[in-house]
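Undergrad: Show me the folded form of this:
(one chain, ligands or ions: 2)
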Amino acid sequence: MNEAKLKFYKSLGLKLTPQRLAILEYLENNRSHPSAEDIYNALKPHFPSMSFATVYNTLEVLVEKGLVKEINIESNKKRFDAFTHPHHHFFCKGCKKIIDIENNQNITIPKELKDYELTEFQVIFYGFCPECKNKRGKR
Ligand SMILES: [Zn+2]
Ligand SMILES: [Zn+2]
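TA: Residues are numbered from 1 along each chain as shown. Ligands and ions are numbered 1, 2, ... in the order given. Here you go, the predicted structure:
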């Protein structure tokens, strides 16, 4: 992680423990929108003393600081996204993968909202990815 980034995190009043940095770095290098469990399982070998609560609490702090976004697509499992630029998602109902949709051009704001001030919006497309679609076709 580079100096400028570290400085930026410190400027947010974020205490940077090695575990927190590892969680942040994992999220930044991983666009699969992992859950807290995924992050815990991936980092546990490197930080044997790290508890699941630490991961969970760190994620809460990162969300609060605006460094990470929470995605509530699966009802029983929060997923996390360090790519905070506005974008949309596709959720595969087969393998539960979430992919980023960065093309925001073709999404129309509903006319019911014309008098509202929109601060952000996120569209979630649901369906089956090509692999899952093929598997379904073969059943
Ligand atoms: Zn899939
Ligand atoms: Zn995303």
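
Undergrad: Residues in a beta bridge with the residue positioned nearest the centre of the chain, which ones?
TA: In the chain, the centroid-proximal residue (Cα atoms, centre = their mean) is residue 81; its distance is 1.6 Å. Beta-bridge partners recorded for residue 81 (DSSP bridges): residue 69.

Undergrad: and the gap between it and ligand 1?
TA: Using Cβ to the ion, to the nearest Å, residue 81 is found at 18 Å from ligand 1. All C-beta spots, glycine's among them, are computed from the backbone N, C-alpha and C.

Undergrad: Do I have it right that that residue meets residue 69?
TA: Yes. In this structure residue 81 lies within contact range of residue 69 using Cβ atoms under 8 Å: 4.5 Å.

Undergrad: And the contacts of the helix ranked longest in the chain?
TA: Across the chain, the longest stretch assigned as helix under DSSP state H is helix 52-64. For helix 52-64, the external contacting residues (Cβ atoms under 8 Å, 6 or more residues apart in numbering) are 14, 19-20, 23-24, 27, 36-37, 39-40, 43, 68-70, 78, 80.

Undergrad: which residues of this protein score low on pLDDT?
TA: By pLDDT under 70, the weakly predicted segments of the chain are 1, 104-105, 139.

Undergrad: Mind listing the residues bridging to the closest residue to residue 96 other than its chain neighbours?
TA: The shortest distance from residue 96 to any non-neighbouring residue, by Cβ to Cβ, 6 or more residues apart in numbering, is to residue 74 (6.7 Å). With DSSP bridges applied, residue 74 shows beta-bridge pairing to residue 77.
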